[in-house]
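# got a structure for you, letters missing:
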Ligand code: ADP
């Protein structure tokens, strides 16, 4: 009992699903006039299917074929119609699409019986006229209009001397009738120019004999398919091929499925497009649009299509074709025919080229990098070598005066009572001064290298400066057979504005070299001035220092102003010197805006020319230098000397005591602070680097306790550029760089204690 009920329920559910499917999936009945395999029919069908597929909607299609092309006889057609009617009777159909006239006639005949209220869409129907419907409704579609005139005109454009036109076709089918009537309508407009011949319903063997006799100037229009030699209807393509095989005349047609089989071309109907239009209309109707709202499409864009092979065969000029014509079967160029091969070959060649270029580039970069590395390495090695040479040379230069100092000191100590002690001490001081000169050179050079040269601008007596220098050097030349003279130009101003100390340094350096490298002959100094503009104070001082010394070898001339390496260029020389002098001189002159050059002949002598820009000033503007008549006098002071080096401490203590001051000594900052806690002093001399507590820290404590009431003078071997400023900022009142001269010490003490004393 339960089982029966369950089965019934299943059947009911199944039926309801089927009903629902029947409702949702529309069934379209497609009836073709002709048979499957006929390109016209197949093209239409393909257009229908592809349009439904692209719609994305559910659909099902049933297809029937009337086969009217192969069996055009009335009685067969009737039997065929009855068969299809049997097929479709009792089947729910949502819409009917018919292709070509026979199928269209069939649905019209069976409208009430089989397709009542079913929308009907037609395509490929020749020259549709509304009267054809006989008042029936719910029918729309696309009419087939072959382009007879356009095709004929295109053919005449290609073959203008044509006089005869042969139209091959039948007379039974509506297509044939319609085509013939079209030709008949346009014939009058070609009267006198063309003669039209309708070859209809001619048995194929006869037809083929007839076409064989035609001249190439006659145009054949194949207006339908023909039967084969066995009497059976052929498809369109084989129909064309058969005619073509038996004639010398060009063949034209009206449908695109003729193309490629032997027709020259024409303005051709496209079957697939008919199918597409009909399917689009069917989809709109299924979506709810009333067929009456979709007017019959009369103008389907037929296209001018031509076969390149036929055009060539008949030597027809493409240029005569209507605008927009498409030519098919054009032979491909070698490139097009082997496009794939070319692309692969091209890609391989490009890839290889890229690889080759990349490799070349990589090799080039590698080579370049290698060269750069080698050059950098060479430079580094050269620089290193130059520095080593420089250091070796410096060591030599420093050791030489040191040897003198130490040796003479030993001599003096060994013979304390000897009358030579005074001479030894004088020589020791001289060696010390040489040493200081070397060290100053090095310092100067480091300043120059760092670009930190600071130039002063003071008014000074340039002539006097030169005269003093000449007197200085003359003293040293007493033992040599060399004369030193100064030639001053007439128009020279007495005083100028410039950096006196630096100009003196340059001058001393160059004259010093001349003296050093000249054993015999003369050294001449010339100074002339050149005013830049008449009323301008600016002028150039032109110096010329010439000697009759050993000269400079030609191959070394270019390098004598260079740093480090320069001294190394003269390894065999017997003269002393740092090898830095000329480098400093050149940099100083250039920093002042001047220039220097040299002329020299080995064994004959050397001349240095240099110019320095200055400003002329009036003599009274010349700065009044410090009093030259000995140290300033100050009353007796209490001085705290803080110095960890016992020799320096002793030197300071003795020197200050000699000047009449009371001296207390401390060996480091802490000791100094301890002394200051119990003792009162007028001034503190403070070394910087000391054990226990350094001078900077000790000075900070002093400042905390005494403010600036107690002057503190920094004594340090830190004598580089900027050191003075640094110590002044730390709170020192003054700064003295080691080695300290008694003269400088006296002046500084007088200065700081003078400031303090009201
Ligand atoms: P140095 O301290 O060695 O003299 P310089 O830089 O002043 O250093 O000079 C560099 C080199 O130029 C000297 O070593 C010397 O060989 C050459 N030189 C400079 N001036 C003269 C000169 N008047 N006569 C010959 N050679 C000179």
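Structure's in. What do you need? Please read these numbers as outputs of a predicted model, since none were measured by experiment.
# in the helix or strand that contains residue 184, what counts as buried?
Residue 184 is part of helix 174-186, with elements assigned from DSSP states H and E. By 16 or more other CB atoms under 10 Å, the buried positions in helix 174-186 come out as 174, 175, 176, 177, 178, 179, 180, 182, 183. In short, each C-beta sits where N, CA and C put it, glycine included.
# the following helix or strand past that helix pairs with which strands, parallel or anti?
Proceeding N to C from helix 174-186, the next assigned helix or strand is strand 195-200, under DSSP H and E. Applying DSSP bridges, strand 195-200 is found paired with strand 164-169 (parallel).
# can you tell me what sits against the strand it pairs with?
With contact meaning CB atoms under 8 Å, 6 or more residues apart in numbering, strand 164-169 is reached by 152, 176, 179-180, 183, 194-200, 202, 207, 211, 214-215, 217-224, 226, 243, 249.
# how about the residue in the stretch 151-300 of the chain that the ligand sits nearest to, what does it touch?
At 98.6 Å from the ligand, residue 260 is the closest residue in the stretch 151-300 of the chain, using CB to the nearest ligand atom. Counting by CB under 8 Å, 6+ apart, residue 260 makes contact with 237, 307, 328, 329.
# weed out the non-buried ones from the residues you listed.
Applying 16+ other CB under 10 Å to the contacts of residue 260 flags 237, 307 as buried.
# can you list which of the contacts of residue 260 are found in strands?
307, 328 (DSSP state E).
# out of the contacts of residue 260, who's near the ligand?
Among the contacts of residue 260, no residue lies close to the ligand (CB under 6 Å from any ligand atom).
# out of the contacts of residue 260, flag the one nearest to residue 686.
residue 328 (109.2 Å; CB to CB).
# how close does the closest one sit to residue 264?
Here the distance between residue 328 and residue 264 works out to 11 Å (CB to CB, to the nearest Å).
# overlap in contacts, the two.
306, 307.
# for the residue of the stretch 151-300 of the chain closest to the ligand, pull up the helix or strand it's in.
Using DSSP H and E, no helix or strand contains residue 260.
# for the residue nearest to residue 662 when sequence neighbours are not counted, list the residues it contacts.
The shortest distance from residue 662 to any non-neighbouring residue, by CB to CB, 6 or more residues apart in numbering, is to residue 638 (4.6 Å). Contact partners of residue 638, counting by CB under 8 Å, 6+ apart, are 661, 662, 663, 664, 679, 680, 681, 682, 683.
# show me where the stretch 401-550 of the chain has helices.
421-449, 462-476, 500-517 (DSSP state H, counting those that start in this stretch).
# buried residues, the second one. List them.
When neighbours are counted by 16+ other CB under 10 Å, the buried residues of helix 462-476 are found to be 462, 463, 465, 466, 469, 470, 473.
# same question for the last one.
Buried residues in helix 500-517, counting neighbours by 16+ other CB under 10 Å, are found at 500, 502-517.
# distance of the nearest residue to residue 269 once chain neighbours are set aside relative to residue 34?
Spatial nearest neighbour of residue 269, excluding adjacent residues (CB to CB, 6+ apart): residue 255 at 4.9 Å. Residue 255 sits 12 Å away from residue 34, going by CB to CB.
# which of the buried residues of helix 174-186 scores worst on pLDDT?
Among the buried residues of helix 174-186, residue 174 has the lowest pLDDT, at 75.
# measure the residue nearest to that one when sequence neighbours are not counted to residue 173 for me?
Closest residue to residue 174 apart from its sequence neighbours, by CB to CB, 6+ apart: residue 101 at 3.9 Å. Separation of residue 101 from residue 173 (CB to CB) stands at 7 Å.
# same question, residue 83
Separation of residue 83 from residue 173 (CB to CB): 20 Å.
# those two: which has the busier surroundings?
Taking other CB atoms under 10 Å, residue 83 and residue 173 do not tie; residue 173 has more neighbours (21 against 11).
# who touches the more buried one in this structure?
Residue 173 neighbours (CB under 8 Å, 6+ apart): 68, 69, 72, 101, 102, 224.
# check the gap between the fourth one and residue 351 for me.
Read it as residue 101. 61 Å.
# one more: the last one?
Separation of residue 224 from residue 351 (CB to CB): 57 Å.
# what about these two, which has more around it?
residue 224 (22 against 10).
# could you find the closest non-adjacent residue to the more buried one?
residue 169 (4.2 Å).
# what's the local residue count around that neighbour?
23.
# partner residues bridging it?
residue 200.
# apart from its neighbours in sequence, what residue is nearest residue 718?
residue 688 (6.6 Å).
# one more: residue 283?
Nearest to residue 283 is residue 55, by CB to CB, 6+ apart, at 5.4 Å.
# nearest spatial neighbour of residue 438, skipping sequence neighbours?
residue 397 (5.2 Å).
# what about that neighbour, which SS state?
Assigned by DSSP: H, G, I helix; E, B strand; the rest coil, the conformation of residue 397 is helix.
# circling back: phi first, then psi, for the residue of the stretch 151-300 of the chain closest to the ligand.
phi 100, psi -10 (degrees, to the nearest 10).
# tell me the phi and psi of whichever residue of the stretch 601-750 of the chain sits closest to the ligand?
Here the residue of the stretch 601-750 of the chain nearest the ligand is residue 606; by CB to the nearest ligand atom that distance is 4.0 Å. Dihedral pair for residue 606: phi -140, psi 140, per degrees, to the nearest 10.
# pLDDT below threshold where in the chain?
1-24, 301, 393, 396, 449-450, 531-535, 563-578, 619-635, 719-721, 755-758 (pLDDT under 70).
# count the neighbours of the residue nearest to residue 283 for me.
15.
# now do residue 66
26.
# for the ligand, see how far away it is.
119 Å (CB to the nearest ligand atom, to the nearest Å).
# I figured that residue hits residue 32, correct?
Yes: in this structure residue 66 lies within contact range of residue 32 using CB atoms under 8 Å: 6.8 Å.
# need the residues touching each of these two.
Between them, residue 66 and residue 32 share the contacting residues residue 103, judged by CB under 8 Å, 6+ apart.
# weed out the non-buried ones from the contacts of strand 164-169.
152, 176, 179-180, 183, 194, 196, 198-200, 202, 207, 211, 214, 218-224, 226, 243, 249.
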